[in-house]
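A.B. asks: Here is a sequence together with a model predicted from it:
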Amino acid sequence: MQLVSVRVITNDVARLVEFYEQVTGLAARRPAEQFAEFAGPSGTLAIGSVETMALFSAGAAVPESNRTAILEFLVEDVDREYDRLTSLAVVPEIVQQPTTMPWGNRSLLFRDPDGNLVNFFTPRTAEARARLAR
């Protein structure tokens, strides 16, 4: 089994696409007005409108209600990303400024416009780098 993507359901696809284009530096693919995706080397972040849920099971995902999942992005330098993001002024809330975690990652935690948690992290120890080298 292989995890391929994570999809965020939103009431405003355009707003989230613009936010993630700015924070990741990636351009979204937009195969439909109600759907966008950011394809990276290890997986895809997909953004779908609430209307797309009718194709699955209505009400199965509720926009702007996540308080458990964290979208995580490996970055080269967390502190540099923090400086870049704060200068852009697009991040609605910084939850945790760059901090070195007990498991060896340097981490920056913030929220996207829908309130989803986003973590930019850089492994700082040999053990943390080894976990990513699977």
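C.D. replies: On my side now, so go ahead.

A.B. asks: Read off the pLDDT value for Leu88.
C.D. replies: At Leu88, the pLDDT value in this model is 90.

A.B. asks: What is the burial count for the residue nearest to it when sequence neighbours are not counted?
C.D. replies: Sequence neighbours aside, Gln22 is the residue nearest to Leu88 in space, at 6.0 Å (criterion: C-beta to C-beta, 6 or more residues apart in numbering). Quick note: C-beta positions are derived from backbone N, CA and C, even for glycine. When neighbours are counted by other C-beta atoms under 10 Å, Gln22 registers 14.

A.B. asks: Over to Pro92?
C.D. replies: 12.

A.B. asks: Kindly report the same for Phe120.
C.D. replies: Should you count by other C-beta under 10 Å, Phe120 turns out to have 26 residues around it.

A.B. asks: Tell me if the residue nearest to Leu88 really is in a strand.
C.D. replies: No. Looking at Gln22 with DSSP: H, G, I helix; E, B strand; the rest coil, it is helix, so not inside a strand.

A.B. asks: pLDDT wise, what is it at?
C.D. replies: On the pLDDT scale, Gln22 is placed at 96.

A.B. asks: Now do it against Ala89, distance only.
C.D. replies: 10 Å (C-beta to C-beta, to the nearest Å).
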